[in-house]
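Student: sequence first, then the predicted structure, then my questions.
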Amino acid sequence: MLDTGLLVIRLVIGSLMMGHACKKLFGMFGGEGISGTASFFEAIGLKPARALAVCAGLTELIGGLLFVAGLWTAVGSILLFIPMAVAIVKVHAGKGLWNLNGGYEYNLVILGSLVGVGLAGAGAYSLDALM
């Protein structure tokens with residue numbers, strides 16, 4: 001059941017991160033697209049905002065794809081860890097832990113999942129296991 005559990009975690013976390021990427025890059029799922037993401041990044045002091053918005057979106061998309069597929073899982077975990085850590089520091093840390101108050105609870109759950117799977121490996125149902 002361990003391999004099935006790792007698969008479920010990879011599918012949920014990786015898919016959600018790809019969704020975040022699509023919000024940033026393409027404006028899908030109610031997202032703001034590159035321009036809106038760049039405006040938000042500018043407002044929180046991330047510059048050059050447009051380049052960082054593209055980098056964040058691509059990092060989440062590529063990292064999410066790797067994580068879902070269980071391909072180079074440690075690399076995918078690191079790619080996804082970076083934007084979540086930045087989100088905690090730049091957006092959520094000052095609001096405390098709980099998500100209800102805009103805190104970093106959700107981001108912390110994602111970080112824990114990324115570290116856990118990154119250290120444990122993707123499991124038998126992954127491209128890493130096939131290689």
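Tutor: Perfect, I can see it now.
Student: buried residues, stretch 118-128. List them.
Tutor: Neighbour-count burial for stretch 118-128 flags 118, 122-123, 125-126, 128 (criterion: 16 or more other CB atoms under 10 Å). In short, each C-beta sits where N, CA and C put it, glycine included.
Student: for that stretch, what does the pLDDT average out to?
Tutor: Mean pLDDT, taken over the full extent of stretch 118-128, equals 97.
Student: can you show me the CA trace of it as CSV?
Tutor: The C-alpha coordinates for stretch 118-128 follow below in CSV (Å, rounded to 0.1, in the frame of the first residue of the first chain):
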residue,chain,number,x,y,z
GLY,A,118,11.4,13.6,-2.3
LEU,A,119,13.2,11.7,0.4
ALA,A,120,11.2,8.4,0.2
GLY,A,121,11.1,8.3,-3.6
ALA,A,122,8.2,8.1,-6.0
GLY,A,123,7.3,4.4,-5.3
ALA,A,124,6.8,1.5,-7.7
TYR,A,125,4.1,3.3,-9.8
SER,A,126,6.5,5.8,-11.3
LEU,A,127,8.8,6.4,-14.2
ASP,A,128,11.7,6.5,-11.7
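Student: at which residues are the helices of the protein located?
Tutor: If DSSP state H is used as the criterion, the helices of the chain fall at 2-26, 33-43, 49-69, 73-87, 105-120, 127-130.
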